[in-house]
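>>> A structural model of the following input is requested.
(chains A, B, C and D)
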There are 2 protein chains.
Amino acid sequence: MAARKQSKTYHHGDLREALVLAAIALLEEKGLASFTLRECARRAGVSHAAPAHHFATAADLLAELAARGFERFVAALGKAADETEGTAMARLAAMGQAYVAFALANPPVYGLMFRGGANPLQSPRLKTAATAAWQQLNNAVAAVLGPKRQDEVTAKAAAVWALVHGTATLMLDCKLPPGPARSSDPVAQILSSLPGLLRP
Amino acid sequence: MAARKQSKTYHHGDLREALVLAAIALLEEKGLASFTLRECARRAGVSHAAPAHHFATAADLLAELAARGFERFVAALGKAADETEGTAMARLAAMGQAYVAFALANPPVYGLMFRGGANPLQSPRLKTAATAAWQQLNNAVAAVLGPKRQDEVTAKAAAVWALVHGTATLMLDCKLPPGPARSSDPVAQILSSLPGLLRP
DNA sequence: TCTATATCTAGTCATTGTCAAGATAGGAGC
DNA sequence: GCTCCTATCTTGACAATGACTAGATATAGA
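Here you go, the predicted model:
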């Protein structure tokens, strides 16, 4: 990425976007522990205090990354569902695979999305995207279960979410037990239990 | 906690233990983001460079906390299994409840234990404890399934682990979907799907 | 008693996030 | 074209942190 657009003008032109791109690259290169506002500024070719005019604090920039990540996440789940023909169960399984695949393909961003902890990186965009993701999953589960009471559907959908999310985080943290970890496709092995989860 | 044991001696006496205790308290008060080696030193009543003789780096102290946490975790799972009478399924369910309960009772420590990420806080003690936890769970699942092929047992056990771990992390990160989150006991609601997970 | 070693203090350095003050650019109104 | 206002950016400063070094002090073993 070029430090500036062209000539060394005093104003950057689109610093906000440049900072976001630099932040994504930095995050994927060095991880969250080495993430630094000043390094983002350096990569964008501006002084260390310039980002303050676009992101009041480092957490705000990270929140922006999390929101964008969640929007890509929702799109990936939707694409997996749309592109899968066959039974409702097949569609749900495809979404589960897409879920874990997204996490494994974007470890630091996935961490930002879900690991806000007690002090979550909140933003309206993020909340909207999170709700959309949940709705997608809930609908897919409802399609599998057929006509049921609403609270039963949400309970089952929560279990599906937990199973898939747990698989993703265990894989990311290399905490998958030895046996399954050595398997050729540990994700598929775990997710093969998905249908059982939905039986009464 | 007293800064020193008694009189202001040059040597602390048991600085290593004092640092660990200070670190646990600090972690639970302020969270990982505000965790600082210098603050641990202050709380232990020593200079900022003193910890270096016991923990080469801040990560080493955190690794110690993670290892101790994992050992308590294993003990909690074992206790839940031992104290539960009845079917093998009942014991497994009790372990699942204990698993999530531990996570919710010790959020920062649980985070340390599992969120090492790409650069895990490794130590022999931690590995040993993690393996022991996995063995406990694996045995409990094997008891439920009865005589089966070993790889089938480990696959199911991994699914159980993922479901329980996913439940814990979603709860911790307040990422549980609205419906289940409003339930009186969301954990029990999700874990009620556990038996289905183990049916063929 | 004497000495080697472990433990602790004080000081230093580069780095970071945040703040304040001043320089520059671009646009709105005239 | 001109003025002025505001957003944007730079420079400089501050306190805090992790890590390193050198030196002081205590403890244990010969």
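
>>> so what's residue A:70 up against?
Shown in contact with residue A:70 (CB atoms under 8 Å, 6 or more residues apart in numbering or on different chains): A:113, A:125, A:126, A:129, A:130, A:133. In short, each C-beta sits where N, CA and C put it, glycine included.

>>> buried subset of those, written for ChimeraX?
This is how ChimeraX selects the buried members of those, with burial counted by 16 or more other CB atoms under 10 Å in any protein chain shown:
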select /A:113,126,129,130,133
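
>>> next one: phi and psi at residue A:49?
The phi and psi torsions at residue A:49 (degrees, to the nearest 10) take the values phi -100, psi -10.

>>> in which helix or strand would I find the closest residue to it other than its chain neighbours?
Distances taken as CB to CB, 6 or more residues apart in numbering or on different chains place residue A:41 nearest to residue A:49, at 7.8 Å, with adjacent residues excluded. Taking DSSP states H and E as the criterion, the element that holds residue A:41 is helix A:37-44.

>>> need the contacts of residue A:70 in TSV (columns: distance to residue A:36 and pLDDT).
Shown next, in TSV, are the contacts of residue A:70 (distance: CB to CB, whole Å; pLDDT from 0 to 100):
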residue	distance to residue A:36	pLDDT
A:113	20	92
A:125	24	84
A:126	22	84
A:129	26	89
A:130	27	89
A:133	29	93
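
>>> give the next helix or strand downstream of the helix holding residue A:41.
Immediately after helix A:37-44, counting by DSSP H and E, sits helix A:58-83.

>>> now that next one: buried residues?
A:59, A:61-71, A:73-74, A:76-77, A:80-81.

>>> can I get the helix or strand just after that helix in CSV, CA atoms only?
Next helix or strand after helix A:58-83 toward the C-terminus (DSSP H and E): helix A:88-105. Provided in CSV are the C-alpha atoms of helix A:88-105 (Å, rounded to 0.1, in the frame of the first residue of the first chain):
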residue,chain,number,x,y,z
ALA,A,88,-33.0,-28.0,5.0
MET,A,89,-30.5,-30.1,7.0
ALA,A,90,-28.0,-29.9,4.2
ARG,A,91,-28.3,-26.2,4.1
LEU,A,92,-27.8,-25.9,7.9
ALA,A,93,-24.8,-28.2,7.7
ALA,A,94,-23.3,-26.0,4.9
MET,A,95,-23.8,-22.9,7.1
GLY,A,96,-22.0,-24.7,9.9
GLN,A,97,-19.1,-25.5,7.7
ALA,A,98,-19.0,-21.9,6.4
TYR,A,99,-19.1,-20.6,9.9
VAL,A,100,-16.0,-22.6,11.0
ALA,A,101,-14.3,-21.9,7.7
PHE,A,102,-14.7,-18.2,8.2
ALA,A,103,-13.2,-18.3,11.6
LEU,A,104,-10.2,-20.4,10.5
ALA,A,105,-9.6,-18.1,7.5
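
>>> kind regards, and thank you for your time.
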